[in-house]
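K.L.:
Predicted coordinates and the sequence they were generated for:
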Number of protein chains: 2
Amino acid sequence: MTTTNFSLLLALLLCTGGVARTQDKKLTGYADTAATRQLELESRFDKQLSSSHIGETIRELSSQPHHIGSARGKAVAEDILQRFKSYGWDAEIVTYQVLFPTPKERLVELKGPTSYKALLKEPALKEDATSGQAGQLPTYNAWSADGDVEGSLVYVNYGLPEDYEYLDRAGINVKGKIVIAKYGRSWRGSKPKVAQEHGAIGCIIYSDPRDDGYYAGDVYPKGAFKNEYGVQRGSVMDIVIYPGDPLTPDIGATANAKRLDRLQAPNLLKIPVLPISYHDATPLLKALEGPVAPEEWRGALPFTYHIGGGSAKVHLKLSFDWQIRPCYNVVAKLKGSEQPDQWIIRGNHHDAWVNGAADPISGLAALLEEAKAIGELKKQGYQPKRTLVYCAWDGEEPGLLGSTEWVEDHAAELKDKAVVYINSDNNGRGFLNASGSHALETLVNEVARDIKDPQTAISLQARKQAAEAVKAATPKQKKEKLSKQGFAIGAMGSGSDYSSFLQHLGVPALDYGFSGEDAGGEYHSIYDSYDDYTRFKDPGFQYGVALSQTAGHTVLRLANTVTLPFDFRKLYETVNGYVNELTDLTTNLRESTAIENQLIRDNKYQQVTDTTKHLTAPLPKSEVPYLDFSPLQNALTGLDTATIALAARKTLTGATVNKALYQAEQQLLNDAGLPARTWYKHTLYAPGFYTGYGVKTIPGVREAIEQRRWKEAQEQIGVVAAAINRLSAYLGGIH
Amino acid sequence: MTTTNFSLLLALLLCTGGVARTQDKKLTGYADTAATRQLELESRFDKQLSSSHIGETIRELSSQPHHIGSARGKAVAEDILQRFKSYGWDAEIVTYQVLFPTPKERLVELKGPTSYKALLKEPALKEDATSGQAGQLPTYNAWSADGDVEGSLVYVNYGLPEDYEYLDRAGINVKGKIVIAKYGRSWRGSKPKVAQEHGAIGCIIYSDPRDDGYYAGDVYPKGAFKNEYGVQRGSVMDIVIYPGDPLTPDIGATANAKRLDRLQAPNLLKIPVLPISYHDATPLLKALEGPVAPEEWRGALPFTYHIGGGSAKVHLKLSFDWQIRPCYNVVAKLKGSEQPDQWIIRGNHHDAWVNGAADPISGLAALLEEAKAIGELKKQGYQPKRTLVYCAWDGEEPGLLGSTEWVEDHAAELKDKAVVYINSDNNGRGFLNASGSHALETLVNEVARDIKDPQTAISLQARKQAAEAVKAATPKQKKEKLSKQGFAIGAMGSGSDYSSFLQHLGVPALDYGFSGEDAGGEYHSIYDSYDDYTRFKDPGFQYGVALSQTAGHTVLRLANTVTLPFDFRKLYETVNGYVNELTDLTTNLRESTAIENQLIRDNKYQQVTDTTKHLTAPLPKSEVPYLDFSPLQNALTGLDTATIALAARKTLTGATVNKALYQAEQQLLNDAGLPARTWYKHTLYAPGFYTGYGVKTIPGVREAIEQRRWKEAQEQIGVVAAAINRLSAYLGGIH
């Protein structure tokens, strides 16, 4: 035992309150002595992390607006390149040529019964040093269609499919009209998509102060929340069809790639859409007449919300500069000593809508701090067994452009070499959020067990579990959370750069970030600035350090282990839970459909409805048949057996075995992809067709049930069962 | 069969859609031929009811402000007296002398950091003809203490006991401060009471537009909801101790009654309290700093709600004219032919805070329409078997003064003679609300089965059941509601004139009214006017007719029957449900207490709380012991047996049996009353100690459990079991 090891042990022995002592610290994939060495390495890694340096990085990289295609965006990529190089990494910029629209003309006018011309402008604030800079992208939704439309305005709540069911009952049709929807509940791109499906000719999205403004807390700059002029920019590309450059699905957007005609791209809208502030929304909403919006639709503006569809008319005029622009990914490598062809990939994007101190620079600064620390370890003689690949992506904001194009361009190589992709994005204060491949749940828990929460000095794991216990809804659930060993990691939807790795290629993935004590309204606005960040997000950058530790330890454990710590028992348990959800969902939907249809048939709705309100009964829905879940249930039995057997095997070492372990996730892909969106190949995880960022687990089956396509649901049960059976057979072959 | 009967039968046979045909119409307490005669009588009664006459009555009696003690209040009583007389009733005015305070001085000033002097005035509106009249009582809470206080302002949400638990956690003490609470959730009088218990020196109550204003719908006069200047007047007498004249508990407030010293009256506040509009509340709430109010506390005003307790200072100055004033009850009788000493009592108050078109005149107009119709039947030769007593109460608004004093004054006679008391109060459009003694549930259902809903032409019963099925939360509950025979009637809390009959004397009681499609913000404001009523409450007065039918048929069925239709099986079923609720409540409270205490002991709250927020963990609560519910459960078994046996007895007729039936409810009284409020004698029904109007069933046990007084809970189980055993033995003696 070296002195260093002894000090470490002593420190650990003195440490209490949730951070496990060394004797408890099983590291999956490591023998005891190797575990001690690894923990010592992590301790040295931690010593290189500096909260003030992370703060410096955030300040520097968010000092100017730096969206994709801007001069400053390119400069940021070059700055990052130099940083990697200075840390001792092999780094390069990998450039793609992607479509990216910027606004040429933006106009929203209320034409009657009153008139108002929307400001469409976030004002500079003296309390926010960068808020008045040149080079800001104006407030807009990228991938809106060009359009010049005028029509009656209809308030559609969050613009969800069920909101249109209510509009039907109220006798209000949006065909040929312009809708105004609130941000929230669904991903912003779903709102114009659903509006377009219902025949709307334009879509306005606004931030209601109930969800994102004074209702939540004091507004910027007094507090963190959205002031009346703040606007959330953002992409409305239909990423649930496919993300990345819309002109080059499935392939890298290299200079000479074959491109689609933009007007034929299946993930682009046909109608114009624009986000506005609640200051601009107020005269529009106030002008609406017609039925009073139902209670669940009402926001926090100080008047009665009406649905409209009558005399209130709006003119919406938008045009864009549809240019192909360079997209600069920075890719840095540190070659592995033993398995250079096994890659531990870590990434975070660098492009921002404006300054992006939180989104994405807070996550990127943590990533760069890891790279710096690993560079220091390298100077001290450390070399990872496996190759580390650190990436800073461009063009994430408009639709995961940089990462998707790189992944599509390197698909074969990644399927061969990628052990894992570890993502982060904006980072704040609070609790660890971890989502990803469930075979990595045990690793994530061991990592979180060994890192202290900056505020409470208990472990990240213990704090997260405490939060889950305190927040659980029922005494039973609280008890379960208290008695649970570790926490569950979430499933991945979309909204950041992990998507193509996991959902298109089947590369095991993780996403890390801290949040829960950093609420605010700066997201995608000019106020996502260093000034805002240092007041409201992570003022001392301690959670920046915690993110560096979490992602860094995960990288190092995967890089150095003899046996990769995939725990397929957790995958089995998780999928078992999903299948139970699906059978419950079907049963509940059958019961609720039957009783609702009976109420409708028996005229109960008409009998109950106020005759002065003209609200018709809902339409009956197709009755829910009994589905045959047995293929899935039998597949789970097989996975149960296979994963128990795999966990019992003692001698899983060597490059071949490790490669088999990390490629196991690929067995869960279905080459044909999901119904109506072939780009998404993973049978367990996808963004929801109507929820966007929000995940749907076992999406082929779940969405078919939710959308009442019974034949498809039954077919997809077979597809998913086949994937699970493939995985079980495959795991049986790992020796 | 007479021609008339034949026409009636034909009409009934032609009638469809939920109103039962004659062959289905079992009338409990009536033989078949008697039932036919009774239905024919009711049909003749119905023909006398005129919606336009009800409208006329509302217009006339609400034409001027007419609160207790006003000249117009006396004139209204005299007008009602003349109406009864003109309808052929023996009528008189029975006067009591009661305390009633009116404002001399009202002042609310924000003293810092900004200044504002509250308007405390509802403006006249050109759209509301009576809104500018002289003689209006100003906006105030009757029974506020006199006071001149100044202090830091604290926002206490709805002012519930649990709101103060949160304030404790946030480190904010209201001692020596002035609180501002929202109307809603608890009865208004509970708010200053709880504030006083916590050491506050003053209390302001305001109507938040989220609960009562533009959030709900367009504001008056455009729509029905509360505009920014509207104020809810109302009593803050602690009626849960005892209602009626605070100086004469338990006895009638006759001229020479022995009176308490006002400052010793146990149901009067020690601190000043005033209601204000949201216009006046806005500067006060905006001036608050300190922690942001938790989400459940936030209203619909367009700014961030803070808790305050710091520099925002308020001056509240109130003084009142504490006069003894005459209280004019109008009592009209129609003597019974066979059982003149068995009284069917029907009542509604006549005093209003201002004009009171809805509250109380809409209910009073229906009552007067019944009296008019019965008078017509009398002219046609009809005489009820039992005596009808129709009452119009004065002084209900300040605290059920008129009815309580009359009941206390006539206690012995009422315990002897009162078969039932049937109450109504303000009436609107929508669904029948019925609450009261559960032995009358079958009667109420038979009445509601035989009356058509004015809008849908199905029966009142069918419409109510449809609403319950549509609104039920889960498919299981919807199914239950659909398959249920009839609807459950509610249990009585307080807030109208039934209280003393049922809860003090054990007179079986019912309360009727229609609502659900008449929402608005006029309650206790100057805008509760004929103009408002005819636009938003019951424009065609059809539900006025429906109320006359419902109460009138109930009166007539009880007046004419050979055997009073008490169905003690329904009482048994209801109490059985309450006891199950109590055992579930105890179990759930035990489980939630145990797990919450564990979370607190294990420091989970501290671990989870944002360290910058300074929110302490909740305090541990006393663990919940196992209570012995067996006395109650055994008593229920006895009641089950006794009520089955009673229902099986065929020959329950005669004056003695009927008297025994209506006096059965008195067996449920406990002479000692409820703990800490001896006036309330009923063991099954009482207003909640902290909810005011809201009922607590089996209150002795339930409130002891909720307030964690375990010894008292066990004692009260014995008290209630004894009452039920008394009832069972008593019912066994009815032959």
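P.N.:
Received it, and whenever you're ready, just let me know what you need. Numbers count the residues shown, from 1 in each chain, chains lettered A, B, ... in the order given.
K.L.:
Break chain A into its domains for me.
P.N.:
Here the domain parsing of chain A from automatic domain parsing is A:31-99+A:324-454+A:490-560, A:102-321, A:568-732.
K.L.:
Close to chain B: what parts of the stretch 351-500 of chain A are there?
P.N.:
A:429-430, A:455-456, A:458, A:462-463, A:466-467, A:469-471, A:475-476, A:478-479, A:482 (C-beta under 8 Å from any C-beta of the partner chain). Heads up, the C-betas are built off the backbone N, CA and C, glycines and all.
K.L.:
Of the residues you listed, which belong to helices?
P.N.:
With helices defined by DSSP state H, the entries of those inside them are A:462-463, A:466-467, A:469-471, A:475-476, A:478-479, A:482.
K.L.:
can you pull the contacts of the residue positioned nearest the centre of chain A?
P.N.:
In chain A, the centroid-proximal residue (C-alpha atoms, centre = their mean) is A:G495; its distance is 3.5 Å. Applying C-beta atoms under 8 Å, 6 or more residues apart in numbering or on different chains, we find A:G495 in contact with A:187, A:687, A:692-693.
K.L.:
now with 10 Å?
P.N.:
Residues near A:G495 by C-beta atoms under 10 Å, 6 or more residues apart in numbering or on different chains: A:187, A:235, A:239, A:243, A:396, A:400, A:425, A:511, A:687, A:692-695.
K.L.:
ok, the longest strand anywhere in chain A near chain B or not?
P.N.:
In terms of residue count, the longest strand belonging to chain A (DSSP state E) is strand A:308-334. No - in terms of C-beta under 10 Å from any C-beta of the partner chain, no part of strand A:308-334 sits within range of chain B; the closest distance is 13.7 Å.
K.L.:
Give me the distance between that strand and the centre of its chain.
P.N.:
Taking C-alpha atoms, centre = their mean, to the nearest Å, the mean C-alpha location of strand A:308-334 is offset from the chain mean by 19 Å.
K.L.:
Repeat that for stretch A:590-610.
P.N.:
Here stretch A:590-610 is found 38 Å from its chain centre; the criterion is C-alpha atoms, centre = their mean.
K.L.:
which of the residues in it are buried?
P.N.:
Using 16 or more other C-beta atoms under 10 Å in any protein chain shown as the burial criterion, the residues of stretch A:590-610 that qualify are A:590-597, A:599-600, A:604-605, A:607-609.
K.L.:
now do the same end-to-end measure for it.
P.N.:
29 Å (C-alpha to C-alpha, to the nearest Å).
K.L.:
How about stretch A:500-510?
P.N.:
End residues of stretch A:500-510 are separated by 12 Å (C-alpha to C-alpha).
K.L.:
so how far is that stretch from its chain's centroid?
P.N.:
With C-alpha atoms, centre = their mean as the basis, stretch A:500-510 stands 13 Å off its chain's centre.
K.L.:
cool, stretch A:649-664 as well?
P.N.:
That offset, for stretch A:649-664, works out to 30 Å (C-alpha atoms, centre = their mean).
K.L.:
For that stretch, C-alpha coordinates in PDB please.
P.N.:
Only the C-alpha atoms of stretch A:649-664 are listed here, as PDB (Å, rounded to 0.1, in the frame of the first residue of the first chain):
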ATOM      1  CA  ARG A 649     -20.500 -16.400 -15.000                       C
ATOM      2  CA  LYS A 650     -17.200 -15.400 -13.200                       C
ATOM      3  CA  THR A 651     -14.600 -15.100 -15.900                       C
ATOM      4  CA  LEU A 652     -15.900 -12.600 -18.300                       C
ATOM      5  CA  THR A 653     -12.800 -10.900 -19.500                       C
ATOM      6  CA  GLY A 654     -10.900 -10.100 -22.600                       C
ATOM      7  CA  ALA A 655     -11.500  -7.900 -25.600                       C
ATOM      8  CA  THR A 656     -14.000 -10.200 -27.300                       C
ATOM      9  CA  VAL A 657     -16.200 -10.600 -24.200                       C
ATOM     10  CA  ASN A 658     -16.100  -6.800 -23.500                       C
ATOM     11  CA  LYS A 659     -17.000  -6.100 -27.100                       C
ATOM     12  CA  ALA A 660     -19.900  -8.600 -26.900                       C
ATOM     13  CA  LEU A 661     -21.100  -6.800 -23.800                       C
ATOM     14  CA  TYR A 662     -21.200  -3.400 -25.200                       C
ATOM     15  CA  GLN A 663     -22.600  -4.500 -28.500                       C
ATOM     16  CA  ALA A 664     -25.500  -6.300 -26.700                       C
END
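K.L.:
ok, and what's touching that stretch?
P.N.:
By C-beta under 10 Å, 6+ apart, stretch A:649-664 touches A:29, A:338-339, A:341-344, A:385-386, A:415-420, A:437, A:439, A:506-508, A:558, A:561-566, A:568, A:571, A:646, A:726-727, A:730-731, A:733-735.
K.L.:
try 8 Å this time
P.N.:
For stretch A:649-664, the external contacting residues (C-beta under 8 Å, 6+ apart) are A:339, A:342, A:415, A:418-420, A:439, A:506, A:508, A:562-564, A:566, A:568, A:646, A:727, A:730-731, A:733-735.
K.L.:
which ones are touching the closest residue to chain B within the stretch 51-200 of chain A?
P.N.:
At 13.0 Å from chain B, A:R169 is the closest residue in the stretch 51-200 of chain A, using C-beta to the nearest C-beta. When contacts are counted by C-beta under 8 Å, 6+ apart, A:R169 touches A:615-618.
K.L.:
re earlier: buried ones among the contacts of stretch A:649-664?
P.N.:
Among those, the ones that count as buried by 16+ other C-beta under 10 Å are A:339, A:342, A:418-420, A:439, A:506, A:508, A:563-564, A:566, A:568, A:646, A:727, A:730-731, A:734.
K.L.:
quick one: which of these sit in helices?
P.N.:
Per DSSP H, the buried ones among the contacts of stretch A:649-664 map to helices at A:568, A:646, A:727, A:730-731.
K.L.:
Drop anything exposed from the ones in helices among the residues of the stretch 351-500 of chain A next to chain B.
P.N.:
With burial judged by 16+ other C-beta under 10 Å, the buried subset of these is A:462-463, A:466-467, A:469-470, A:475, A:478-479, A:482.
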